[in-house]
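S.K.: pasted the sequence and its predicted model underneath.
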Amino acid sequence: MSHDTIGRKLIISANPQPFDAPVRGTGSVALLCALAMEHGLPRRDVLAGGGIPEAALEDPDAEITGAQELRAIAAVAESLPEDAGLTAGGRYRLASYGIWGFALLSSRTLREAHEVAMRFVDLTYALTRISAQEDEGEVRLFFDDLDVPEHVRRFVLLRDTSAALQLWRETLGRPVVPLRVTLRLPQPADPTGYETAFGVPSLFGTARSMLAFDAALLDQPLPQAAP
């Protein structure tokens, strides 16, 4: 992992083992349970799929592996709408991530928040491998999903990309629209939900999934900075 916290070039490698690291809390699964219940799926079915005891949702110190969360997603993804991952990702908030989220929120600029976020990305709920690159006036976030089983790939990828966009919006305290969105997914029958979630039309069937932003955003001061 490399970091350049002073210059404008920023290339940060991905979270190394998103499935096996036992460092994630159960907040993400709680959001998944709420979404599933809205579609008539009992919470117990979601938890049973992941081998997660119900008491874990009430325990702030409970930890599960990414593999358990992935199995919980698999238990419900086929019963949800094709673009349900977009809905799920849009519900993540900085507070959902505990101290990681508050570190972003209190950073002086988005650049500082972004570097903290990427340095400790293994503390998030991401199941894709996330990396970033800044050049030519853009900052690009890549979401590589080759490790994600195909039957849950769409849900996971849409959740991780839309959650990342939601966090940028919350950190800056205002609407943010990417310059481009590319998704390593087949073209959906109806892309309306994708454009609504991202604010721009998505390009499907690409080699990598990416959100591209204006790099000038990185040097914006944050409204709740507390160095």
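M.R.: That came in fine, so what should we check first?
S.K.: going by C-alpha atoms from here, please, whenever you check contacts or count neighbours.
M.R.: Will do.
S.K.: could you give the bridge partners of residue 212?
M.R.: residue 140, residue 180 (DSSP bridges).
S.K.: thought it was touching residue 143?
M.R.: No - the pair residue 212 / residue 143 is not scored as a contact, 11.5 Å apart, by C-alpha atoms under 8 Å.
S.K.: what about the two, which has more around it?
M.R.: Set side by side, residue 212 and residue 143 show more neighbours around residue 143, with 25 against 19, by other C-alpha atoms under 10 Å.
S.K.: thought the more buried one was touching residue 128?
M.R.: Yes - the pair residue 143 and residue 128 qualifies as a contact (C-alpha under 8 Å) at a distance of 5.6 Å.
S.K.: please enumerate the shared neighbours of the two.
M.R.: Shared contacts of residue 143 and residue 128 (C-alpha atoms under 8 Å, 6 or more residues apart in numbering): 157, 160.
S.K.: and the residue most central in space within the chain, how far from residue 104?
M.R.: Nearest residue to the geometric centre of the chain (C-alpha atoms, centre = their mean): residue 160, 2.8 Å. As judged by C-alpha to C-alpha, to the nearest Å, residue 160 and residue 104 stand 17 Å apart.
S.K.: list the buried residues in the helix or strand encompassing the residue nearest to the centre of the chain.
M.R.: Secondary structure assignment for residue 160, by DSSP states H and E: helix 150-172. Buried residues in helix 150-172, counted by 16 or more other C-alpha atoms under 10 Å: 152-168, 170-172.
S.K.: alpha carbons only: can I get it in CSV?
M.R.: Once non-C-alpha atoms are left out, helix 150-172 reads as follows in CSV (Å, rounded to 0.1, in the frame of the first residue of the first chain):
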residue,chain,number,x,y,z
GLU,A,150,-21.1,-14.5,-9.3
HIS,A,151,-24.5,-15.1,-7.8
VAL,A,152,-24.1,-12.1,-5.4
ARG,A,153,-21.7,-10.0,-7.5
ARG,A,154,-24.3,-7.5,-8.7
PHE,A,155,-25.7,-6.9,-5.3
VAL,A,156,-22.2,-6.5,-3.7
LEU,A,157,-20.9,-4.3,-6.4
LEU,A,158,-23.9,-2.0,-6.4
ARG,A,159,-23.9,-1.8,-2.7
ASP,A,160,-20.2,-0.9,-2.4
THR,A,161,-20.2,1.7,-5.2
SER,A,162,-23.4,3.5,-4.0
ALA,A,163,-22.2,3.4,-0.4
ALA,A,164,-19.0,5.0,-1.4
LEU,A,165,-20.9,7.8,-3.2
GLN,A,166,-23.2,8.3,-0.2
LEU,A,167,-20.1,8.7,2.1
TRP,A,168,-18.6,11.3,-0.2
ARG,A,169,-21.9,13.2,-0.1
GLU,A,170,-22.2,13.0,3.6
THR,A,171,-18.6,14.0,4.2
LEU,A,172,-18.9,17.1,2.0
